[in-house]
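>>> got a predicted structure here, sequence first:
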2 protein chains.
Amino acid sequence: MSELIAFIGVGNMGNPMANNLVKAGKKVKVFDVSKKMIEKAKEKKLDIVENLDDLITNEVTTVITMLPEGKNSKEVYLGDKGIINKVSKNCLLIDCSTIDIQTSIEIGKKANEKGIKMIDAPVSGGIMGAEKATLNIMVGGTKEAFDIALPLLKIMGKNIFHAGDLGSGNGAKICNNMSLGITMIAASESLMLAKRLNIDIKKVHEIMKNASGNSWPISVYPPLPGLIDGTPSNNNYRPGFSAGMMNKDLKLANECAKQVNASTPLAKMALEIYDKFCEEGNDTKDFSAISKVVGGDAWNYPID
Amino acid sequence: MSELIAFIGVGNMGNPMANNLVKAGKKVKVFDVSKKMIEKAKEKKLDIVENLDDLITNEVTTVITMLPEGKNSKEVYLGDKGIINKVSKNCLLIDCSTIDIQTSIEIGKKANEKGIKMIDAPVSGGIMGAEKATLNIMVGGTKEAFDIALPLLKIMGKNIFHAGDLGSGNGAKICNNMSLGITMIAASESLMLAKRLNIDIKKVHEIMKNASGNSWPISVYPPLPGLIDGTPSNNNYRPGFSAGMMNKDLKLANECAKQVNASTPLAKMALEIYDKFCEEGNDTKDFSAISKVVGGDAWNYPID
């Protein structure tokens, strides 16, 4: 049976991911509910199927989904016309959406009951990572399913991790992004304090990068402009990874922590800070723009 | 005039720092108010002067202080029998204590009024860094004073940074350690959440180390055992860098932030968490033991 990939959800992330599969010579058909995203897919000359029913047939060998929320994944896979009722047993299901662990496990379990393999494979690395195929992909599922998916995942990403059983991909991503959300605020508080103390932030940044205050936001993605070229903070906080997406991930993290009785005091406060920032209309800004609201009024908040 | 270093405060950090100067062939005389520390200095065969008055003479070419708090630095430099009244104008004063910026500036200003050069030069890297001479040293003061101090600082540390004017050494250290205190809790929350989700923490640690969740606590100093050899978490949280010291630094950071109207919401909450942890009798544990109190009861708190 010849390979045929059905790619559902060609938004900011899904579009370049599907495009990288095409560039690698894969046969890919795509679908999206959004007319705008369909237009963008057309610009990339992706092979669009106008109707999800027509896309999902038993010819499909792999389904990849990149959807906004758990409820979207659930509907597409398990709904009335759900994928698991239409694909063949040999089809592999790869859900790259970042969703709650329970939903991942529920979908995978129902797929397994029908003899269909499924993995959860959320990604990190943002739009740039999707375009350059440098994404981190965190996979939950059996070793067998992981091994089958690996060649395709390697086309879309750079570091592919098998985190554990079904749901562990989303679990690992939630843990990673929870730390990131907090650490971005920590980096903002420190750099803004330095600024207010009239210490050259370039020097403080250099010191922190080489000392115990280092973190990914400090060394790769500083929240203040003028420190590292090519970051969103140098581009009026054009994302990147939006504050709205970070807010969603912090919500997932705190909900998930609540379910297993894990205390996450800083993650809770980070969520409150991002919540307020998004409510004030900044959800489409890069998440590093949070530096505009910590550190006091030395910084020119609001941003435009 | 031949070189003579007066080293005041030979505690856990000062002792190995002074010893490294001796090993490099420098003439060093030491003093400490603590009998216990004097005993330890004797074990290292450091040249002890029993009385501070006898130590500080106009023969001294450099004074190095490594004291617990701002009030100690202030007393030693500016008190009735203060150093600035006894040393010659050519003597360089190096305060390696981590103290509040105002006190640093006050001491330096009064020294300058007498024509004496002074720098604040707090260090990071812990006892191990002091022993191995791999400390980060953050210096505030004039370029001229920095250049004079540099050869001595290079004997005690590895990365020597000139952060800016007097007080900037402490300012930069406060910014660095504020970020560290928050990030250690963030790393703890993430790894503990992974543990409670039954995801292998070795895998989550590996993922975070290679992704946007990375930070110094994740890559160098993880707060849970079994991840990196030789860390305090693998040695029943023997410090290292004590929770009490981190608590002190977070207090300094928040006080300093208040003075310049910088908002530091996460640093404030981190201080509350460390305050409680220290009040419960854990101040001598390594600060990474904070992982015992975030993440819920899956972890065996209290520690011994």
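Ah, there it is.
>>> C-alpha only now, for contacts and for neighbours.
Noted.
>>> wait, what's in contact with residue A:138?
By CA atoms under 8 Å, 6 or more residues apart in numbering or on different chains, residue A:138 lies in contact with A:120-123, A:160-163, A:168-170, A:172-173, B:207.
>>> for chain B, what are the nearby residues on the stretch 1-150 of chain A?
Neighbours of chain B within the stretch 1-150 of chain A, by CA under 8 Å from any CA of the partner chain: A:124-125, A:136, A:138.
>>> and residue A:206, how many neighbours?
16 (other CA atoms under 10 Å in any protein chain shown).
>>> which SS state does it fall under?
At residue A:206, secondary structure determined by DSSP: H, G, I helix; E, B strand; the rest coil is helix.
>>> pLDDT value on it, please?
On pLDDT, residue A:206 comes in at 96.
>>> check the one 10 residues further on too.
With respect to pLDDT, residue A:216 has a value of 97.
>>> how far away is the residue in the stretch 151-300 of chain A that chain B sits nearest to from residue A:281?
Per CA to the nearest CA, residue A:215 is where the stretch 151-300 of chain A lies closest to chain B, at 3.6 Å. In this view, residue A:215 and residue A:281 are 27 Å apart by CA to CA, to the nearest Å.
>>> neighbour count: those two, which is higher?
Using other CA under 10 Å as the criterion, residue A:215 and residue A:281 rank with residue A:215 on top: 30 against 13.
>>> what's the weakest-modelled helix or strand in chain A?
helix A:126-132 (a mean of 90; mean pLDDT, DSSP states H and E).
>>> so which elements touch that one?
Judged by 3 or more CA pairs under 8 Å, 6 or more residues apart in numbering or on different chains; DSSP states H and E, helix A:126-132 is in contact with helix A:14-23.
>>> measure residue A:125 to residue B:277 for me?
The value you get for residue A:125 to residue B:277, if CA to CA is used, is 35 Å.
>>> at which residues are the helices of the stretch 101-250 of chain A located?
A:101-113, A:126-132, A:143-156, A:168-196, A:201-209, A:216-219, A:243-259 (DSSP state H, counting those that start in this stretch).
>>> what angle separates the first one from helix A:243-259?
Computed by axes from the mean of the first three to the mean of the last three CA atoms, to 10 degrees, the angle separating helix A:101-113 from helix A:243-259 equals 80 degrees.
>>> now swap in the longest one and tell me
If you take the same axes, to 10 degrees, helix A:168-196 sits at 120 degrees to helix A:243-259.
>>> so how far is helix A:168-196 from its chain's centroid?
Chain-centre distance of helix A:168-196: 15 Å, with CA atoms, centre = their mean, to the nearest Å.
>>> what of the third one?
In terms of CA atoms, centre = their mean, the centre of helix A:143-156 is set 18 Å apart from its chain centre.
>>> and it, what other elements does it pack with?
Helices and strands touching helix A:143-156, by 3+ CA pairs under 8 Å, 6+ apart, are helix A:14-23, strand A:92-95, strand A:117-120, strand A:135-140, strand A:157-164.
>>> and for the first one, what's in contact with it?
Taking CA under 8 Å, 6+ apart as the criterion, the residues outside helix A:14-23 that touch it are A:7-10, A:27-28, A:30, A:40-41, A:44, A:46, A:66, A:127, A:130-131, A:133, A:152, A:155-156.
>>> how about it: buried residues?
For helix A:14-23, burial by neighbour count (16 or more other CA atoms under 10 Å in any protein chain shown) applies to A:14-22.
>>> name the nearest residue to the residue of the stretch 151-300 of chain A closest to chain B, ignoring sequence neighbours.
residue B:215 (3.6 Å; CA to CA, 6 or more residues apart in numbering or on different chains).
>>> residues contacting the one you found?
So residue B:215 contacts A:213-216, B:183, B:187, B:209 (CA under 8 Å, 6+ apart).
>>> nearest to residue B:81 among those?
residue A:213 (37.7 Å; CA to CA).
>>> contacting residues around that closest one?
B:175-180, B:215-216.
>>> what count of nearby residues applies to residue A:113?
10.
>>> quick one: contacts for it?
By CA under 8 Å, 6+ apart, no residues touch residue A:113.
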